[in-house]
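# Need a 3D model of the sequence below.
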Amino acid sequence: MAAFFLGFLALAGFLGAAWWFSRQKTARAARLVRMLLGGGAVLAGALLTLRGAVALGVPIGLFGLGMLGIAYSGPGQNGASGSSPPQSGNSMSLDEAREILSVGLGATREEIRQAHRNLMKKLHPDTGGGSAALARQVQEARDILLAALGDQD
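A predicted model of the protein is given here:
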């Protein structure tokens, strides 16, 4: 009877953890998975190494340390934080930004914002029809065009 009760408590705990995990944002969930995977791999690697399987334990432990390093690196350094993309020297041009948002040369702030809203409804990763890369590109195009007009939203 005690084993049944302990099994029931373990199952309830796992279901509760799964429910909690499902409610997390994508970047936070990815970080949690890296932390759990990394910690488990370090522990498994240490145990295997101590038990004499050095050839297997060391690579597993190093893999775990790598996962922990990625999980604990600062926000924006590994691309999993969900923050703005890293700025590179090759930013898109005004013409490319206008083409992405499908606005004309004399587009107003409101036209730019409306085009951005419409595209984000289609391309946002949470809608299932887009991806984070496309959403970042649309966001960057909007920011560039608004900055050219002298307005940062």
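# for stretch 146-153, what is the average pLDDT?
Throughout stretch 146-153, pLDDT has a mean value of 72.
# Please renumber the chain so that the first residue is 709 from this point on.
Yep, numbering from 709; the last one is stretch 854-861 now.
# how much space between G836 and K829?
Distance, G836 to K829, using C-beta to C-beta, to the nearest Å: 12 Å. For every residue, glycine as well, the C-beta is placed using N, CA and C.
# low-confidence ranges in the chain?
782-798, 859-861 (pLDDT under 70).
# Now do W727: how many residues are near it, please.
Neighbours of W727 under the rule other C-beta atoms under 10 Å: 9.
# for the one 4 residues further on, same thing?
Burial of R731 is recorded as 9 neighbouring residues (other C-beta under 10 Å).
# Looking at G836 and K829 now, which is surrounded by more residues?
K829 (11 against 6).
# quick one: secondary structure of that one?
Under the three-state scheme (DSSP: H, G, I helix; E, B strand; the rest coil), K829 adopts helix.
# So which residues of this protein form strands?
For the chain, strands defined by DSSP state E do not occur.
# Which stretches in it count as helices?
Here the chain has its helices, by DSSP state H, at 710-730, 734-758, 762-780, 802-809, 817-831, 840-856.
# The third one: which residues count as buried?
Think helix 762-780. Of the residues in helix 762-780, G765, I768, G769, F771, G772, M775, L776, I778, A779 count as buried by neighbour count, 16 or more other C-beta atoms under 10 Å.
# now the fifth one
Using 16+ other C-beta under 10 Å as the burial criterion, the residues of helix 817-831 that qualify are I820, R821, A823, H824, L827, M828, L831.
# Now render those as a markdown table, adding distance to F713.
Shown next, in a markdown table, are those (distance: C-beta to C-beta, whole Å):
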| residue | distance to F713 |
| --- | --- |
| I820 | 61 |
| R821 | 58 |
| A823 | 59 |
| H824 | 55 |
| L827 | 54 |
| M828 | 50 |
| L831 | 50 |
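# quick check, nearest of those residues to I808?
Using C-beta to C-beta, L827 comes nearest to I808 of those, at 7.8 Å.
# burial count for the closest residue to that closest one other than its chain neighbours?
For L827, ignoring the flanking residues on the chain, the nearest one in space by C-beta to C-beta, 6 or more residues apart in numbering is V846 at 4.8 Å. Burial measure for V846: 23 neighbouring residues, criterion other C-beta under 10 Å.
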